[in-house]
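> The sequence isn't on hand, but the structure is:
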């Protein structure tokens with residue numbers, strides 16, 4: 001699970017996300033979503049547009065672990081409103097990322 005700002009900055013990551021990406025929480029925060037999602041994946045734009053339009057999105061996407069090692073993931077994302085004037089944030093997004101490499105290999 002990743003918690004992000006609307007601009008893609010990661011503000012928190014749970015232990016499972018750190019293990020999956022092979023990075024510490026601080027490294028994930030430095031990378032941001034732009035450093036984790038494969039910008040060359042043609043599915044990325046559709047997921048971003050769907051979340052902007054409806055506040056939720058789900059689908060499959062190629063993600064990048066430490067060392068730019070690509071893996072296929074199932075993504076579910078939801079935007080929610082928060083009241084945190086001290087940090088100047090009014091929306092955050094919860095992003096659930098599941099590595100589906102094994103499932104795809106079994107299907108092949």
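Thanks, I have it. Predicted model, so just to flag it, every value in this text is computed and none were measured.
> tell me the contacts of the residue nearest the centre of the chain?
Computing the C-alpha centroid of the chain and ranking residues by CA atoms, centre = their mean puts residue 95 first, at 5.1 Å. For residue 95, the contact set (CB atoms under 8 Å, 6 or more residues apart in numbering) comprises 1, 2, 3, 4, 33, 75, 76, 77. In short, each C-beta sits where N, CA and C put it, glycine included.
> got it, and residue 25?
Counting by CB under 8 Å, 6+ apart, residue 25 has contacts 12, 13, 18.
> Quickly note the distance from it to residue 76.
Separation of residue 25 from residue 76 (CB to CB, to the nearest Å) stands at 20 Å.
> Quickly list what the residue nearest to the centre of the chain is bridged to.
Beta-bridge partners of residue 95, counted by DSSP bridges, are residue 2, residue 77.
> now do residue 72
Going by DSSP bridges, residue 72 forms beta bridges with residue 62.
> if I read this right, it contacts residue 65, doesn't it?
No. Residue 72 lies out of contact with residue 65 (CB atoms under 8 Å); the separation is 11.6 Å.
> Tell me where the protein has strands.
When assigned using DSSP state E, the strands of the chain occupy the ranges 2-4, 10-13, 56-64, 70-84, 89-99.
> And the second one, what's buried?
With burial defined by 16 or more other CB atoms under 10 Å, the residues of strand 10-13 counted as buried are 10, 13.
> cool, the third one as well?
With burial defined by 16+ other CB under 10 Å, the residues of strand 56-64 counted as buried are 57, 61, 62, 63, 64.
> mind putting the residues you listed in JSON lines, pLDDT and distance to residue 106 included?
Rendered in JSON lines, the data for the buried residues of strand 56-64 read as follows (pLDDT from 0 to 100; distance: CB to CB, whole Å):
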{"residue": "57", "pLDDT": "95", "distance to residue 106": "25"}
{"residue": "61", "pLDDT": "97", "distance to residue 106": "19"}
{"residue": "62", "pLDDT": "97", "distance to residue 106": "18"}
{"residue": "63", "pLDDT": "97", "distance to residue 106": "19"}
{"residue": "64", "pLDDT": "97", "distance to residue 106": "23"}
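> Understood, closing this out.
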